[in-house]
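Participant: return a 3D structure for these sequence lines:
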Amino acid sequence: MSVSFDLTDEQQALRDLAHDFAKTEMRPVAAEHDRTGEYPMSVLLKANEQGLMNTHIGEENGGMNLSGVDSLLLSEELAWGCSGIGTAIEANGLAQQPVILGGSEALKKKYLGMFAEKFSLCAYAVTEPNAGSDVQGLRTSAVKHGDKWILNGSKMWITNAGVADWYFVVALTDPAKLARGGMTGFIVERSWPGVIVGKKEYNMGQRCSDTRGITFENVEIPDSNVVGVVGDGWKLAMAAFDHTRPAVAASAVGVARAAMEHAIEYATERKTFGQPIANHQAIAFMIAEMAMEIDAARLMCWRAAWLKDNGQRNTHAAAMAKAFASDVVMKTTTNAVQVFGGYGYSQEYPVEKLMRDAKIYQIYEGTSQIQRLIIARELMVRGK
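Facilitator: Model (predicted):
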């Protein structure tokens, strides 16, 4: 097996495209969107025009069919620009992935093909008010009536909920079995009667990302909108994470890299005791640790994506990348604020926002604690 860290010309072009977009379209408006919480729709429209959205959809449905490694290059650069806007741009991917993995050809043509025809958004609706990491607590149910399913329940913390055209929803279809064959995935359109979208949540960080609850009251779903096999919903929902967690981890790397760059710039300009603070060992060592850990996190992301691209099971590697990168971005942004001192605690300087934005990486797409449970299970139970 040959190993190379060289990017192809196409990959370098992708990275350059995303970096230029982040620099010219995202960074100039990031602070304002953070302040107001306004959804960055105009930025998303531009991202879509430049081919920075819906990159995993197959060519047969009008997509680019990019590899996992390719997507990491985009994720890191977009998050370097603004992780709140980046999350809005990339949220489609998580909702689309279960459909890519398990949807019928007709379902793919209808609900994935639409993204090639017009600007569209979708959302992954699995988490519930009383069932985040606790799968057994999921209560949203779907009951079969003839050729339809009747959906009732509620979801919480759903990214893009207020702007999505459709949702990937997991519901109980056999309460006795729960996650082991008792949950089914569905595509639910936002415009259907009984779909009630809640108010926007104003979060600590990534404030412009649209996060809301959704309530389903006797929503009728045609049987054709079942994703995959009845009972395999939870399996599909979790399988999607093997594809998306490396990209989320890579976006954490992008935020950490931005914080490090700001810290380096400040440390080389700010002077104390007659010299730049970068010359003081206490500061220099903090920045050196940032660089080491960011590089390590990036390589873990690339490995996790490479495994999946090459047909190998990557659950263990994806969990490690997600857990490590999440901790790295939190540590790096916290230390960047420390390098800035009192200025870092002020909203006038960018590292304050980056520190707030960083925290969510230890929570969404599986908390850092859940990632460690996955890693331990893979090591001890499966012997890998």
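Participant: list the residues that contact Asn54.
Facilitator: Residues counted as contacts of Asn54 (C-beta atoms under 8 Å, 6 or more residues apart in numbering) are Asn48, Gly63, Met64, Asn92, Gly93, Gln96, Phe115, Ala116. Using the backbone N, CA and C atoms, a C-beta is placed for each residue, glycine as well.
Participant: what's the closest non-adjacent residue to it?
Facilitator: Spatial nearest neighbour of Asn54, chain neighbours left out: Phe115 (4.4 Å); criterion: C-beta to C-beta, 6 or more residues apart in numbering.
Participant: Met286: neighbour count?
Facilitator: Neighbourhood size, Met286 [other C-beta atoms under 10 Å]: 19.
Participant: sec struct for it, please.
Facilitator: Met286 carries the three-state label helix when classified by DSSP: H, G, I helix; E, B strand; the rest coil.
Participant: what sits against it?
Facilitator: Contacts of Met286 by C-beta under 8 Å, 6+ apart are Ala263, Asn335, Gln338, Val339.
Participant: buried stuff in the longest helix seen in the chain?
Facilitator: Looking across the chain with DSSP state H, the single longest helix is helix 233-269. For helix 233-269, the buried set under the neighbour-count rule, 16 or more other C-beta atoms under 10 Å, comprises 233-260, 262-264, 266-267.
Participant: how far away is the residue nearest to Asn54 from Gly63?
Facilitator: Look at Phe115 and Gly63: by C-beta to C-beta, to the nearest Å, they are 7 Å apart.
Participant: ranges for the strands of the stretch 101-250 of the chain?
Facilitator: Secondary structure of the stretch 101-250 of the chain (DSSP state E, counting those that start in this stretch): strands at 122-125, 141-145, 148-159, 166-172, 183-189, 195-197, 211-222, 226-227.
Participant: of all those strands, which one is nearest Gly132?
Facilitator: Distance to Gly132, taken as C-beta to C-beta, is lowest for strand 148-159 among these, at 7.7 Å.
Participant: what's the overlap in contacts for Phe115 and Gly63?
Facilitator: Shared contacts of Phe115 and Gly63, defined by C-beta under 8 Å, 6+ apart, are found at Asn54, Ile57.
Participant: what are the bridge partners for Gln275, then?
Facilitator: Thr272 (DSSP bridges).
Participant: can you get me a residue count around it?
Facilitator: For Gln275, the neighbour count with other C-beta under 10 Å is 9.
Participant: same thing with Ala116?
Facilitator: Neighbourhood size, Ala116 [other C-beta under 10 Å]: 14.
Participant: for it, which non-adjacent residue is spatially closest?
Facilitator: Gly62 (2.5 Å).
Participant: and the one you found, what is it in contact with?
Facilitator: In this structure, Gly62 makes contact with Leu112, Gly113, Phe115, Ala116, Glu117, judged by C-beta under 8 Å, 6+ apart.
Participant: what about the contacts of Met286, which are in helices?
Facilitator: Per DSSP H, helices hold the following members of these: Ala263, Asn335, Gln338, Val339.
Participant: quick one: the first one and Glu289, what's the gap?
Facilitator: Separation of Ala263 from Glu289 (C-beta to C-beta): 11 Å.
Participant: I'd like to know which of the contacts of Gly62 are buried.
Facilitator: Neighbour-count burial (16+ other C-beta under 10 Å) applied to those gives Leu112, Gly113, Phe115.
Participant: now, which of those residues sits nearest Ala305?
Facilitator: Checking the buried ones among the contacts of Gly62 against Ala305 with C-beta to C-beta, the nearest one is Leu112 at 20.7 Å.
Participant: hey, what's Ala142 bridged with?
Facilitator: Beta bridges link Ala142 to Leu151 when assigned by DSSP bridges.
Participant: offset the numbering so it begins at 498, please.
Facilitator: Okay, using 498 as the starting number, the last item reads as Ala639.
Participant: would you mind measuring from it to Ala585?
Facilitator: Distance, Ala639 to Ala585, by C-beta to C-beta: 28 Å.
Participant: and which of the contacts of Asn551 is nearest Ile718?
Facilitator: Among the contacts of Asn551, and counting by C-beta to C-beta, the member closest to Ile718 is Gln593, at 18.1 Å.
Participant: my read is that the closest one contacts Ile554, right?
Facilitator: Yes - look at Gln593 against Ile554 with C-beta atoms under 8 Å: they come within range, at 6.5 Å.
Participant: what touches both of the two?
Facilitator: By C-beta under 8 Å, 6+ apart, Gln593 and Ile554 have these common neighbours: Leu609, Phe612.
Participant: give me the most central residue, this structure.
Facilitator: Closest to where the C-alpha atoms of the chain average out (C-alpha atoms, centre = their mean) is Val745, at 4.5 Å.
Participant: now that one: closest residue in space that isn't a chain neighbour?
Facilitator: Leaving aside its chain neighbours, Val745 sits nearest to Glu862 (5.0 Å; criterion: C-beta to C-beta, 6+ apart).
Participant: host element of that neighbour?
Facilitator: Here Glu862 sits in a region with no helix or strand, counting by DSSP states H and E.
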